[in-house]
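Student: Output the structure for:
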Amino acid sequence: MTIDLVDVLAKLVSFDTRNNGPENKPGKECPEFINSILSEYGFRTELLEEEGYYSAFGRRGQGAFKILFIAHYDVVPFGDGWKTEPLLLKVEGDTAYGRGTCDDKGNVATLLLLAEKLAETDLPCTVMIAATGDEEIGGRHGAKMLKDWLIKQGLFPNYVVVADGIHQQIIHRRRNILPATLKIKEKHSKIKGKAEKIRFETDAYGTDSRHSAYMRPGVDRHAMLTASKYLDQNPETVVADVRGGFVKSNVVPGWVEMDVIHPESSSSELSYDKNLTDAMRLLLAISQAAFPTKHSDKGKIISPNLLSKEEDLWTFYFDIRAMTNDGESVKKSIEDAVRGHLDIFSLKVVDGVGYVESDPGSRLIKAMRWALEKEGVTYKLIEGFGGSDSRYFAGQGADLFDFGPEGDNLHGANEWVSLSSIRENAVVFHTLLEVLSREKSPI
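Tutor: All right, here's what the predicted structure looks like:
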């Protein structure tokens, strides 16, 4: 069988693999489809599972080294603003629209095209291809499970190519993700005033992406932080309630609405939440909390992406990205930012998996640069915005980088990918394998 890229990508996109935690896990149909194609091209496949999350895995060949190509098939919820049907691939020229086209089913398609090319060659190495099902919620039951399984099987790779990136850039650095949750108890109070509902919207410059790792403070507008600035500018205004287009931990809400009360002695008495008011007012201060971190080209972000309420407890979730693994220092910096201004019920900051910092002069990266130049693909060596499954392999001694096709609007509406770049990347990956396998290598 010869792979028809549009047909395969359309099939991948058609699988509803939205991943939003335990209550909404992707099924096994998509990884079974991936394995069926890998099997057709001579890969020995397995469907790996942990706590209801599935990963497709295949391997073929043997030789001087082992290399793993890993992507993920789970996607984020759809959100608002789509001009097309998210699960129906729409192709306009070289551009294909649909949820997951860029992040990360386009990369899965690249790896399937690579499998097709490998069936025509016999390179002296072990090539492994995997597609995991929980990268969008952290990768613990996907990439981490796979890493541990490979170690037990004696298959841990010398090289790892994480097919999870955009714009055909070699990504050798990524910030750590340090998830944080701040809980406060509601505290009702009364005030005479005039009620108003105010809406705030997120605006990211030049893109529809709502991935919080891609937000650049000072350029992009975050709806929750805009609401916080409004309260900063109106210090007498209080908050009765907050709601928003909350999606998931690493997605900036597209909009937020606050029910506020402006003090007015001649008006009737109304109820508001003092602790919620204080917390919303302090979001800007929290976002500027200072803690020790290595330099990042993408900066440090503390992004308040989720707000929920259970009984009398409000929970704020912050997506924190920085080149540090010290969660305790991050926690202390947030405590310092709110001390004396907010009654905290609890504050938890997780250390995260760790940041990625691969040597640009490593053999794998030099080989990738050579392959890209040979195939005439323009590229850059950069630090990436978001986190990826590379975090789980970075601390294990594997030489690695992240890479992906041309595309955009990941985690936002109208996500798209360039079909020609998917094809180019499959050729580049095959050339990468060929040059790594040479006895007399040009690198």
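
Student: C-alpha only now, for contacts and for neighbours.
Tutor: Will do.

Student: who does the longest helix along the chain touch, helix- and strand-wise?
Tutor: Counting by DSSP state H, the longest helix found in the chain is helix 419-437. Applying 3 or more CA pairs under 8 Å, 6 or more residues apart in numbering; DSSP states H and E, one finds that helix 419-437 contacts helix 106-118, helix 363-374.

Student: among those, which is the most enclosed?
Tutor: Counting by mean count of other CA atoms under 10 Å, helix 106-118 has the highest mean neighbour count of the helices and strands packed on helix 419-437, with a mean of 25.

Student: With only the CA atoms kept, save that one in PDB.
Tutor: Extracted in PDB, the C-alpha atoms of helix 106-118 (Å, rounded to 0.1, in the frame of the first residue of the first chain):
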ATOM      1  CA  GLY A 106       0.500  15.900  11.400                       C
ATOM      2  CA  ASN A 107       3.600  14.600  13.000                       C
ATOM      3  CA  VAL A 108       2.000  11.100  13.400                       C
ATOM      4  CA  ALA A 109       1.400  11.200   9.600                       C
ATOM      5  CA  THR A 110       5.100  12.100   9.100                       C
ATOM      6  CA  LEU A 111       6.100   9.100  11.100                       C
ATOM      7  CA  LEU A 112       3.800   6.800   9.100                       C
ATOM      8  CA  LEU A 113       5.400   8.200   5.800                       C
ATOM      9  CA  LEU A 114       8.800   7.500   7.400                       C
ATOM     10  CA  ALA A 115       7.700   3.900   8.100                       C
ATOM     11  CA  GLU A 116       6.700   3.500   4.400                       C
ATOM     12  CA  LYS A 117      10.200   4.700   3.300                       C
ATOM     13  CA  LEU A 118      11.900   2.400   5.800                       C
END
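
Student: Please name every helix or strand in contact with the following helix or strand past that helix.
Tutor: Next helix or strand after helix 106-118 toward the C-terminus (DSSP states H and E): strand 126-132. In terms of contacts (3+ CA pairs under 8 Å, 6+ apart), strand 126-132 is packed against helix 29-40, strand 53-60, strand 66-72.

Student: and the ones you listed as JSON lines, adding mean pLDDT, mean neighbour count and distance to residue 306?
Tutor: Formatted as JSON lines, the helices and strands packed on strand 126-132 follow (pLDDT from 0 to 100; neighbours: other CA atoms under 10 Å; distance: least, CA to CA, whole Å):
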{"stretch": "helix 29-40", "mean pLDDT": "98", "mean neighbour count": "20", "distance to residue 306": "29"}
{"stretch": "strand 53-60", "mean pLDDT": "97", "mean neighbour count": "25", "distance to residue 306": "24"}
{"stretch": "strand 66-72", "mean pLDDT": "97", "mean neighbour count": "25", "distance to residue 306": "24"}
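
Student: before we move on, the earlier item: contact partners of the longest helix of the chain?
Tutor: For helix 419-437, the surrounding residues in contact (CA atoms under 8 Å, 6 or more residues apart in numbering) are 5-6, 64, 94-96, 106-107, 109-111, 113-114, 117-118, 123-125, 168, 364, 367-368, 370-372, 375, 377, 404-406, 441-442.

Student: measure residue 170 to residue 225 for me?
Tutor: Separation of residue 170 from residue 225 (CA to CA, to the nearest Å) stands at 32 Å.

Student: ignore the last one, residue 302
Tutor: Per CA to CA, residue 302 is found 10 Å from residue 225.

Student: what does residue 189 give?
Tutor: Note on residue 189: its distance to residue 225, by CA to CA, is 24 Å.

Student: neighbour-wise, which of the two wins?
Tutor: Neighbour tally, residue 189 and residue 225, criterion other CA atoms under 10 Å: the higher count belongs to residue 225, 24 against 12.

Student: quick one: contacts for the more buried one?
Tutor: Neighbour list for residue 225: 283, 284, 304 [criterion: CA under 8 Å, 6+ apart].

Student: top of these by neighbour count?
Tutor: Compared across those, residue 304 has the highest neighbour count, 29 neighbours, by other CA under 10 Å.

Student: Report how many residues lie close to residue 320.
Tutor: Using other CA under 10 Å, residue 320 is surrounded by 25 other residues.

Student: Find the helix or strand that it is a member of.
Tutor: Using DSSP H and E, residue 320 falls in strand 313-322.

Student: Run the chain-centre distance for that strand.
Tutor: 16 Å (CA atoms, centre = their mean, to the nearest Å).

Student: Kindly report the same for stretch 159-174.
Tutor: 13 Å.

Student: Quick check: end-to-end length of that stretch?
Tutor: Stretch 159-174: ends 17 Å apart by CA to CA.

Student: Ok, stretch 111-129 next?
Tutor: In stretch 111-129, first residue to last residue: 7 Å (CA to CA).

Student: same deal with stretch 229-241?
Tutor: Start and end residues of stretch 229-241 are separated by 16 Å (CA to CA).
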